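**Student:** I'll drop the sequence and a predicted model, then ask my questions.
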Amino acid sequence: MNKKVFNFFILIALFLSGFYYTNVIQKPIIYTLNNVKIGYHNTVEFVQNGFIKYFFQASQISLLQNKLLRYENNHLVMQQLATEITDLYKENNSSLKIDPRAQLVRTISYQKFGDLNRIWIEVDDYNDSRIYGLTYKELVAGIVIPKNEKPLALLNRDLQSSYAVFVGSNDAPGIAHGTNGENIIIKFIPAWFSIATGDEVTTSGLDDLFFKGLKVGKVLSVTKAQGYQNAMVKPYFETNDPNYFHMIRRLK
């Protein structure tokens, strides 16, 4: 092989490895690419909204009015419950505070081609000093971690996605982990809890990531090892390329 050609390939290899492993190189490129993708999504949404507005205005207004009526009813019910809980706290001189926060966030793109479990998301006023819970239509979707100071969603099946859960009607505690496969696994369930196939898995709210009781999935099988139980679980949330998630900012 010609020496110049060989040296050229060496330089290309060094550049690609530096791009892949060096945060100094990655950060400005990721920032620029994500801004371009955000601009693209904004343009697409603007065109779609304009099309709906001018060609399907009547039917869209009717649909939104029906949704608004349902939302107003739900809001009234929730407001009543919140008022009753507040009164109960006051009656018992409780110092507990309830002020949850959930934020609608938009997807930008997959972090890497071929990996459907990691998605860049757009978050206003993002604080990269902590991890957040991620939901989709009241189902647990995964967690949000900082990557190069940007919010990266790790969906349920990702190996690094982890959060606290309860299994079954006895609220057996465990830790949910992704497997990079079709299902997820719940580890470190104490052996003295009775769990079985078909039991529902929900969030425990003990990890400062999720509200208690959000649905995760159903148990497929149970195994025992070293004083603990592990449960293989079929997650409810399926990766259907959603455009939006809700990120839980604060639990209380």
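**Tutor:** Cool, the structure landed. Owing to the predicted nature of the structure, the values given are computational and were not obtained by experimental measurement. Numbering: from 1, shown residues only.
**Student:** tell me the buried residues in stretch 149-165?
**Tutor:** Neighbour counts over stretch 149-165 (16 or more other Cβ atoms under 10 Å) mark 150-158, 161-165 as buried. Every C-beta, even on glycine, is put in place using the N, C-alpha and C of the backbone.
**Student:** and for stretch 224-240?
**Tutor:** Q229, N230, A231, M232, V233, P235, Y236, F237.
**Student:** follow-up on the earlier one: strands - which of the buried residues of stretch 149-165 land there?
**Tutor:** The members of the buried residues of stretch 149-165 that map onto strands under DSSP state E are K150, P151, L152, A153, L154, L155, S162, Y163, A164, V165.
**Student:** for those, which one is nearest L64?
**Tutor:** A153 (28.0 Å; Cβ to Cβ).
**Student:** which residues touch the closest one?
**Tutor:** For A153, the contacting residues are T107, R118, I119, W120, I121, L134, A141, G142, I143, V144, F245, by Cβ atoms under 8 Å, 6 or more residues apart in numbering.
**Student:** which single one of the buried residues of stretch 149-165 is nearest to R130?
**Tutor:** Among these, and counting by Cβ to Cβ, the member closest to R130 is P151, at 11.0 Å.
**Student:** setting aside sequence neighbours, what's the nearest residue to the closest one?
**Tutor:** Counting by Cβ to Cβ, 6 or more residues apart in numbering, P151 lies nearest to V123, which is 4.6 Å off, once chain neighbours are set aside.
**Student:** contacting residues around the one you found?
**Tutor:** Taking Cβ under 8 Å, 6+ apart, one finds Q103, V105, V144, P151, M247 in contact with V123.
**Student:** neighbour-wise, which of those residues leads?
**Tutor:** Neighbour counts for these peak at V144, which has 25 neighbours (criterion: other Cβ atoms under 10 Å).
**Student:** bridged to that one, which residues?
**Tutor:** Y132, A153 (DSSP bridges).
**Student:** ok, it to S162 distance?
**Tutor:** V144 is 13 Å from S162, where distance means Cβ to Cβ, to the nearest Å.
**Student:** how about T135?
**Tutor:** Taken as Cβ to Cβ, the span from T135 to S162 is 16 Å.
**Student:** ok, L220 next?
**Tutor:** For L220 relative to S162 (Cβ to Cβ), the value is 19 Å.
**Student:** got it, and F211?
**Tutor:** Look at F211 and S162: by Cβ to Cβ, they are 17 Å apart.
**Student:** host element of T86?
**Tutor:** According to DSSP states H and E, T86 maps onto helix 57-91.
**Student:** can you list the domains in this structure?
**Tutor:** 3-55, 99-252 (automatic domain parsing).
**Student:** which of these is buried the deepest?
**Tutor:** For the domains of the chain, average neighbour numbers computed from mean count of other Cβ atoms under 10 Å are highest in domain 99-252, which has a mean of 17.
**Student:** so Y126 touches K147, yeah?
**Tutor:** No - look at Y126 against K147 with Cβ atoms under 8 Å: they stay out of range, at 11.3 Å.
**Student:** list residues touching both of those two?
**Tutor:** With Cβ under 8 Å, 6+ apart, Y126 and K147 have no common neighbours.
**Student:** below-threshold pLDDT in the stretch 151-252 of the chain: ranges please.
**Tutor:** The stretch 151-252 of the chain contains residues with pLDDT under 70 at 240.
**Student:** which residues of it fall in strands?
**Tutor:** For the stretch 151-252 of the chain, the strands defined by DSSP state E, counting those that start in this stretch cover 162-167, 172-178, 184-190, 200-203, 215-225, 228-235, 244-250.
**Student:** out of those, which is closest to E91?
**Tutor:** Of the strands of the stretch 151-252 of the chain, nearest to E91 by Cβ to Cβ is strand 244-250, at 24.9 Å.
**Student:** helices or strands next to that closest one in the packing?
**Tutor:** Counting contacts by 3 or more Cβ pairs under 8 Å, 6 or more residues apart in numbering; DSSP states H and E, strand 244-250 is packed against strand 101-110, strand 132-136.
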